[in-house]
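Asks: sharing a model that was predicted from the sequence below.
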Amino acid sequence: MSIVLSRLLFKQFSKQLYTKSMALLNLLILAVALAFSNHPTAKAQTNYPHKAVRIIVGYPPGGPTDLIARIVAQKLSESWSQPVIVDNRPGASGIIGAELTVKAAPDGYTFLMVPVTFAVTPSLFNKMPYDAVRDLAPVAQVASSPFILVVHPTLPVKNIKDLITIAKSRPGQINYASASAGGMPHLAGELFNTMANVKMVHIPYKGAAPATTDLLSGQVSLMFNNMLSAMPHIKSSRLRAVAVTSSKRSAAIPQLPTIAETIPNYEASGWYGAFAPANTPRDLLLKVNQEMTRAMKLPDVIQRLSGDGVEAVSSTPEQFGLYLRSEMSKWAKVVVASGAKPD
C-alpha cells in the first residue's frame, strides 16, 4: 500500500512540476517577445519608414550616380510619404561615402548608391577602410549603361575589326583617352587590349572634359566614353561611334553593334546599385529592393533615362551580391594585368 501511495504522490508532484515549468517557459517567451517588440529595429520594421531616409553618394552632385540616386530618392519619398535625402560625400574614389555607410546603424535608414567603380577600388588601393563584401549588404542593382567606343574621324576605323587590324599593325601607336587612371573607361580599354591581343596606349586626363577636347582635336585617337557626353558629338559627326561596351545592344542606339559581337564575352558596362550597412534586417532589404525596382520601371523614369542610354535593371539582393563578387574578380585581373594605379 505504501508503494502505491508513493507512486501516486510522485506522479502528482511530477505533474505539478511540469505545470509550473511550462508556466515559467511561457512567461520567458512573453518577456523575450516584449523585449524584442521594444527594440528600435523591431519598431522600424513594424512602422517603416517612420522618419527620413538617407542615400549616401560618394561623388559630387550632377554626376550619373548622383542622378540615379536622386531619381530613386524622389520616387521613394513619394511612395513612403517620408523625406528621402541624397547626401553627397565625395572623395577618394567613393571610399569616403562607403565608409560612412559601413559605420551607420543597420536600421534601414541609411543606404549607399554606387557605380561600377565600387567593384574596382578594392583592387586599386592597397588598404581599404572596409570590406566591400563583408561590411555592406547588397540591396539592388537598379540600372546599367554602356560606354560607347568613339574614334576621331581621321582614324580609318568603322568597326571593331578595323580597330583590331590597325592596332596590330601599329602597336603602341594608337592612343586612347580617359577621364582618370583606374576609372572604368581606362579599364574598358585595358580589357580590350587583353581580349583583342593589341597594345593601345592609355592617356589619362584630369576629367572627361579635357579628354574629350583632345579627342575632338585629334590629339588622341579614341575613347570609351559615356553616352551623355558622346552623343552630341556623334550626331554632329565630330566623332564616329564604333560600338557599345555592353553585352547587348543599347535601346538608345540599337543600330550600333556591341564589341562582344566581334570579341565574344567582352563587356565593360557601367552599372549602379544600392547597398546598406551589414546586418540590416533582410525584410527591410527586400522591401527597399522592391521599392527601388518599382521606381526605376516607372514610365517617366524610363523616358528620362533612356536618352542617356541608361536602362533599369531588376535583381534580388542575393543576385546583386553574386554579381558584385564576379565584377570584383573580373576587374581585379584587369587591374593587375594593366598595372593601373589610382590618380
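Replies: Sure thing, it's come through.

Asks: going by C-alpha atoms from here, please, whenever you check contacts or count neighbours.
Replies: OK.

Asks: which residue packs closest to Thr110, ignoring adjacent ones?
Replies: Counting by CA to CA, 6 or more residues apart in numbering, Arg54 is the residue found nearest to Thr110 once chain neighbours are left out, at 4.9 Å.

Asks: poorly predicted segments of the protein, please.
Replies: 1-46, 343 (pLDDT under 70).

Asks: quick one: strands adjacent to the helix or strand hosting the residue nearest to Thr110?
Replies: Under the criterion of DSSP states H and E, Arg54 resides in strand 53-57. Partners of strand 53-57 in the sheet, by DSSP bridges, are strand 84-88 (parallel), strand 110-115 (parallel).

Asks: need the contact list for the residue nearest to Thr110.
Replies: By CA atoms under 8 Å, 6 or more residues apart in numbering, Arg54 lies in contact with 84-87, 109-111.

Asks: who touches the most centrally placed residue in the chain in this structure?
Replies: In the chain, the C-alpha closest to the average C-alpha coordinate belongs to Gly273, at a distance of 3.2 Å (CA atoms, centre = their mean). Residues counted as contacts of Gly273 (CA under 8 Å, 6+ apart) are 113-115, 139-143.

Asks: most widely separated two among those residues?
Replies: Within the contacts of Gly273, Pro115 and Val139 form the most distant pair, 13.7 Å apart (CA to CA).

Asks: the more surrounded of the two?
Replies: A side-by-side neighbour count of Pro115 and Val139, using other CA atoms under 10 Å, places Val139 first with 31 against 24.

Asks: please identify which helix or strand holds the more buried one.
Replies: Assigned by DSSP H and E, Val139 falls in strand 136-145.

Asks: check which helices and strands the helix or strand following that strand sits against.
Replies: The C-terminal neighbour of strand 136-145 among helices and strands, as given by DSSP H and E, is strand 147-151. When contacts are defined as 3 or more CA pairs under 8 Å, 6 or more residues apart in numbering; DSSP states H and E, strand 147-151 packs onto strand 222-226, helix 227-235, strand 240-244.

Asks: comparing the ones you listed, which comes out most buried?
Replies: Ranked by mean neighbour count under mean count of other CA atoms under 10 Å, the helices and strands packed on strand 147-151 are led by strand 222-226, which reaches a mean of 27.

Asks: distance between it and the chain's centre?
Replies: Relative to its chain's centre, strand 222-226 lies at 21 Å (CA atoms, centre = their mean, to the nearest Å).

Asks: what is that strand packed up against?
Replies: On a contact count with 3+ CA pairs under 8 Å, 6+ apart, strand 222-226 meets strand 147-151, strand 175-178, helix 184-196.

Asks: if we can go back for a sec, out of the helices and strands packed on strand 147-151, flag the one nearest Met184.
Replies: Comparing the helices and strands packed on strand 147-151 by CA to CA, strand 222-226 comes nearest, at 8.6 Å.

Asks: which strands border the closest one, and is each parallel or antiparallel?
Replies: Here strand 222-226 has these sheet partners by DSSP bridges: strand 147-151 (antiparallel), strand 175-178 (parallel).

Asks: contact partners of the last one?
Replies: Where contact means CA under 8 Å, 6+ apart, the residues beyond strand 175-178 that reach it are 185-186, 189, 200-205, 207-208, 211-212, 215, 220-225.

Asks: before we move on, back to that, hey, what's the residue nearest to Thr110 bridged with?
Replies: Ile85, Thr110.

Asks: quick one: it and Ala332, what's the gap?
Replies: 30 Å (CA to CA, to the nearest Å).

Asks: close enough to count as contact, Gln59 and Val86?
Replies: Rather than Gln, residue 59 is Tyr. No: applying CA atoms under 8 Å, one finds Tyr59 not in contact with Val86, separated by 11.0 Å.

Asks: and for these two, which residues touch both?
Replies: Residues touching both Tyr59 and Val86 (CA under 8 Å, 6+ apart): Asp66.

Asks: quick check: which of the helices and strands packed on strand 222-226 is nearest to Gly339?
Replies: Of all these, helix 184-196 sits nearest to Gly339, with 9.8 Å by CA to CA.

Asks: no further questions, thank you.
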